[in-house]
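J.: Could you look at this predicted model? Sequence included:
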Amino acid sequence: MLDFANGSLQGHKQGWVNIHIIHLVPIQKYIVVKITNNMNTGYIVGVFDLFHSGHEYLINRVLKLCDKLIIGVHTDDFVESYKRRPKQTTDERLAIIRTFYPNTIVESVGGSHIELVKKYNITSIYHGDDWPEEPYKRQIGYYRDGMDQLNVKIVLLTYTRGISTTKLIQEASGATYSHYIFDLDRTLILKDTAMPFAVDLVNKLQSSNKKISVVTNNNRYTPADISAKLQNAGMNIPEKDIHSSLRAVATLLKQKFNKKKIFAWGTKDARSWLEKEGITLTEDDVCDVVVVLYNNCWAYQDLVSLCNRVKQAETYIIGNIDFLYPDSKDILPDTGSIIKLIEYCTDKKPDICCGKSSGNIVSKELLVDSVMIGDSITTDAVFAYQNNIPFLHVSSVDPRAKYSHLGVVINLHT
């Protein structure tokens, strides 16, 4: 059956192939076509143990280079025969790849690849250039199994240096802690959905009697609301263990500015929570202290009034420096973007930051034998550095991160 909408012909060999119409001539209601199999079916094979950003970077590059991708995951027994038994089982590694790449074909494979090559009509095999081409061909049985006769190409891509499973295991040897501090957005949850392996990691830590805290710049929601969101996503972390920049702002205002006229720019929930904490807020145009938090509901005149208040205030406090509020779809300007606008309009910078980058969002007594786990270099890493505690950088999008997801942390640090 011809499908002229996408230029494909179904039923040729084992899948879809490209077609090129070379001449359209009505010959007794038939059309003359030239059929060519131009589909580049790529193949990557590896252990993919403790799936990290190096693995992810390689797969994402190959996806751009081929029309269809097959991923081979080496079995436990085969890997042990030449290296060491993987930290994760074959089934665990298959599940992780399938979770991250649901539109690819993922199969387990031992030391021979020819069956997969023939089954899927593979045309190109991709690997990092840490292997020279000829030794790599010998390792995969390229000549032995006749892949050369099938015109299968070997494509070597630049290896992600400095990131390897072996190095991660060596660095993490014995690295367990009594207190695990998590960032919130893009580490434990995104909107209302748990991040991959977040529930598993939190449950495992709690079953091992580890202390868990959340340190977050998120001041859109109250600590109780954040706890409820985590609960709904499958993680039971009580309100008392939610250390947010909103809570840090409240503590600061009560300790140092309780007799001052305070204006707070933020969500209705955040402002109401501050008042329930005993902080009196004003709507006067002239005030002593201006606090700028995340606010997703304002008009232009509100922004004009905010700039005017900041210009004349004695003290200008911010809840966080994040430029974007985490979202999987939209670009949502966060407090950091408003701060830059205020600075441009008033030539005034904040006097105090109550977010993670200040390093003071959690009391020092809570940081004994602690580790910070998060996705941000500018906030999470800075918090860890200022408090002299280790930082585990977990991100599926930042190539600097050593850990692609929390599943790696489960296997290395618990």
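T.: Thanks, I have it.

J.: The nearest residue in space to Asp183 that is not next to it in sequence bridge partners, please.
T.: The shortest distance from Asp183 to any non-neighbouring residue, by C-beta to C-beta, 6 or more residues apart in numbering, is to Gly374 (3.2 Å). For glycine as for every other residue, the C-beta is placed from the backbone atoms N, C-alpha and C. Under DSSP bridges, the beta-bridge partners of Gly374 are His393.

J.: so Gly374 touches Thr187, yeah?
T.: Yes - between Gly374 and Thr187 there is a contact under C-beta atoms under 8 Å: 5.1 Å.

J.: what about Ile189, neighbour count?
T.: By other C-beta atoms under 10 Å, 23 other residues sit near Ile189.

J.: Contacts for stretch 56-74 next, please.
T.: For stretch 56-74, the external contacting residues (C-beta atoms under 8 Å, 6 or more residues apart in numbering) are 15, 39-48, 90, 93-94, 97, 100-101, 104-110, 113, 116, 120, 122-124, 126, 128, 155, 157, 160, 396, 399, 404.

J.: That one - what's its average pLDDT?
T.: The pLDDT scores in stretch 56-74 average 91.

J.: Check stretch 152-162 too.
T.: 77.

J.: try stretch 314-321
T.: pLDDT averaged over stretch 314-321 gives 96.

J.: With stretch 189-203 instead?
T.: 93.

J.: Over to stretch 379-396 now: how far is its first residue from its last?
T.: The straight-line separation of the ends of stretch 379-396 (C-alpha to C-alpha, to the nearest Å) is 17 Å.

J.: need the contact list for the closest residue to Gly111 other than its chain neighbours.
T.: Spatial nearest neighbour of Gly111, chain neighbours left out: Phe78 (5.4 Å); criterion: C-beta to C-beta, 6+ apart. Contact analysis of Phe78 by C-beta under 8 Å, 6+ apart lists Val109, Gly110, Gly111.

J.: Of these - the most surrounded one?
T.: Neighbour max across the contacts of Phe78 (other C-beta under 10 Å) = Val109, 19 neighbours.

J.: Enumerate every residue touching that residue.
T.: Per C-beta under 8 Å, 6+ apart, neighbours of Val109: Val45, Gly72, Val73, His74, Thr75, Phe78, Leu116.

J.: hmm, 10 Å instead?
T.: Contact analysis of Val109 by C-beta atoms under 10 Å, 6 or more residues apart in numbering lists 43, 45-46, 70-75, 78, 90, 115-116.

J.: ok, what's across the strand from it?
T.: Beta-bridge partners of Val109, as defined by DSSP bridges: His74.

J.: After the one helix or strand Trp273 maps to, which helix or strand is next?
T.: Assessed by DSSP states H and E, Trp273 sits inside helix 268-276. Downstream of helix 268-276, the next assigned helix or strand under DSSP H and E is strand 289-292.

J.: related to what we said a few turns ago, would JSON lines of the contacts of Phe78 with pLDDT be doable?
T.: Below are these laid out as JSON lines (pLDDT from 0 to 100):
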{"residue": "Val109", "pLDDT": "94"}
{"residue": "Gly110", "pLDDT": "91"}
{"residue": "Gly111", "pLDDT": "86"}
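
J.: tell me which of those residues is nearest to Ala233?
T.: Val109 (35.1 Å; C-beta to C-beta).

J.: and Tyr316, which of the three is it?
T.: Following DSSP: H, G, I helix; E, B strand; the rest coil, Tyr316 is assigned to strand.

J.: So it is in contact with Val289, correct?
T.: Yes - shown here, Tyr316 and Val289 form a contact pair, counting by C-beta atoms under 10 Å, at 7.9 Å.

J.: Common neighbours of the two, please.
T.: Arg309, Asp351, Ile352.

J.: Who wins on neighbours among the residues you listed?
T.: Arg309 (22 neighbours).

J.: So that one versus Asp49, what's the distance?
T.: From Arg309 across to Asp49, the span is 55 Å (C-beta to C-beta, to the nearest Å).

J.: okay, Gly374 and Thr187: which has more neighbours?
T.: Gly374 (27 against 23).

J.: Show me where the protein has its helices.
T.: 53-65, 76-82, 90-100, 114-119, 133-139, 165-172, 198-207, 223-232, 245-256, 268-276, 300-312, 335-346, 382-386, 406-413 (DSSP state H).

J.: just to revisit the earlier point, mark which of the contacts of stretch 56-74 are part of strands, please.
T.: Judged by DSSP state E, the subset of those located in strands is 41-46, 105-109, 124, 126, 128, 155, 157.

J.: Which PyMOL command selects the buried ones in those?
T.: To isolate the buried ones among the ones in strands among the contacts of stretch 56-74 in PyMOL, judged by 16 or more other C-beta atoms under 10 Å, type:
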select buried, resi 41+42+43+44+45+46+105+106+109+124+126+128+155
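
J.: Out of the ones in strands among the contacts of stretch 56-74, which is nearest to Gln386?
T.: Among those, Gly128 lies closest to Gln386 (C-beta to C-beta), at 36.2 Å.

J.: Is the closest one in contact with Gly54, as I believe?
T.: Yes - counting by C-beta under 10 Å, Gly54 is a contact partner of Gly128 at 8.3 Å.

J.: Can you report how many residues lie near Ile279?
T.: 18.

J.: Could you check the pLDDT of it?
T.: Confidence score, pLDDT, at Ile279: 96.

J.: ok, it to Asp302 distance?
T.: 20 Å.

J.: quick one: low-confidence ranges for the stretch 201-350 of the chain?
T.: Within the stretch 201-350 of the chain, not a single segment meets pLDDT under 70.

J.: closest to Asp192 among the contacts of Phe78?
T.: Using C-beta to C-beta, those come closest to Asp192 at Val109, 37.8 Å.
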